[in-house]
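[1] here are the coordinates; sequence isn't available:
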């Protein structure tokens, strides 16, 4: 009897742990904060965190440099790409050119032998080997491109088919549902722009004023009618959060829809 009670206790504890984890995954929100700035170059940074910062992802972009930092339960991992500086490349090229010009030309040694290019047949053999390889490579690229075009044409045909109208409408409703919950809860923006043409700048300003983001959030957009060139400068800050429960509900609704199943079956053929 005591063994049965111990088994029931362990089973209850395991079920409770699974229930708590499922509740955290579904209902604990994922927070995000994104900041961007456009001056001479585009710079941006963002942070996404979940479960009280136990899982955190951040990125930072400045010019051509991109850094991504992931931290899971306090263990960090960093990835990054760095574009070489153009000025450093030019200075290195000038230094190499200067060194090559400043080196004195040495006289040819009497024992040095000129390479015989006509006797050996290796260059011709290598050329004959590389040419078919390049042809095969171009053929694979062409086949992949043709396959992508045919797949895109199939998707376009299915999307424009009147029989799939209900499925497309359902997909669009679910997309709008997710966007309505993914949208930032707070936006701060201050942007100055010019299209180079005063009439076009006024048209763009009037079109932007129709979007609710302009008057619902702390967003300020200033058109520059005096500038004769196109430019955009400013800064943007967006904060928000979303729960995985929204994605779970949307996925269940899509899976249970017969029209969506029929559309997916056509793509699998």
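    That came through, no problem. Source: prediction; values computed, not measured.
[2] flag the shaky bits of the stretch 101-250 of the chain, pLDDT-wise.
    101-137, 154, 158-159, 213 (pLDDT under 70).
[3] switch to 90 and redo it
    101-169, 171, 179-187, 196, 198, 205-221, 226-228, 242, 244 (pLDDT under 90).
[4] and the helices in it?
    Assigned helices in the stretch 101-250 of the chain, in chain order: 122-160, 165-182, 198-208, 212-216, 244-256 (criterion: DSSP state H, counting those that start in this stretch).
[5] looking at the ones you listed, which is closest to residue 224?
    helix 198-208 (7.1 Å; C-beta to C-beta). (Glycine included, C-beta is placed from N, CA and C.)
[6] picking that back up, please convert the helices of the stretch 101-250 of the chain to a markdown table, extending it with mean neighbour count and distance to residue 48.
    Listed next are the helices of the stretch 101-250 of the chain as a markdown table, based on neighbours: other C-beta atoms under 10 Å; distance: least, C-beta to C-beta, whole Å:
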| stretch | mean neighbour count | distance to residue 48 |
| --- | --- | --- |
| helix 122-160 | 10 | 30 |
| helix 165-182 | 14 | 12 |
| helix 198-208 | 13 | 28 |
| helix 212-216 | 10 | 21 |
| helix 244-256 | 13 | 13 |
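[7] and the longest strand for the protein?
    When the chain is scanned for its longest strand (criterion: DSSP state E), the result is strand 230-242.
[8] need the residues that contact it.
    By C-beta atoms under 8 Å, 6 or more residues apart in numbering, the residues outside strand 230-242 that reach it are 29-39, 181-196, 224.
[9] swap the cut-off to 6 Å and go again
    Strand 230-242 has contacts (C-beta atoms under 6 Å, 6 or more residues apart in numbering) with 29-39, 181-182, 184-196.
[10] what does stretch 211-226 give?
    187, 188, 189, 190, 191, 192, 194, 198, 201, 205, 208.
[11] recalculate using a threshold of 8 Å.
    For stretch 211-226, contacts defined as C-beta under 8 Å, 6+ apart pick out 184, 186-194, 198, 201-202, 204-205, 208-209, 231.
[12] do stretch 23-31 as well
    By C-beta under 8 Å, 6+ apart, stretch 23-31 touches 48, 49, 50, 51, 239, 240, 241, 242, 243, 244, 245, 248.
[13] what comes up buried for it?
    30, 31 (16 or more other C-beta atoms under 10 Å).
[14] tell me the average confidence for that stretch?
    When pLDDT is averaged along stretch 23-31, the result is 90.
[15] centre of the chain to it, how far?
    23 Å (C-alpha atoms, centre = their mean, to the nearest Å).
[16] which of the helices of the stretch 101-250 of the chain sits closest to residue 74?
    helix 244-256 (22.4 Å).
[17] what's the angle from the closest one to helix 165-182?
    Interaxial angle, helix 244-256 versus helix 165-182 (axes from the mean of the first three to the mean of the last three C-alpha atoms, to 10 degrees): 180 degrees.
[18] got the confidence number for residue 72?
    On the pLDDT scale, residue 72 gets 90.
[19] so what's it bridging to?
    residue 55, residue 75 (DSSP bridges).
[20] neighbours of residue 21, how many?
    Residue 21: 10 surrounding residues under other C-beta atoms under 10 Å.
[21] now do the SS call for it.
    helix (DSSP: H, G, I helix; E, B strand; the rest coil).
[22] that one and residue 15: what is the separation?
    11 Å (C-beta to C-beta, to the nearest Å).
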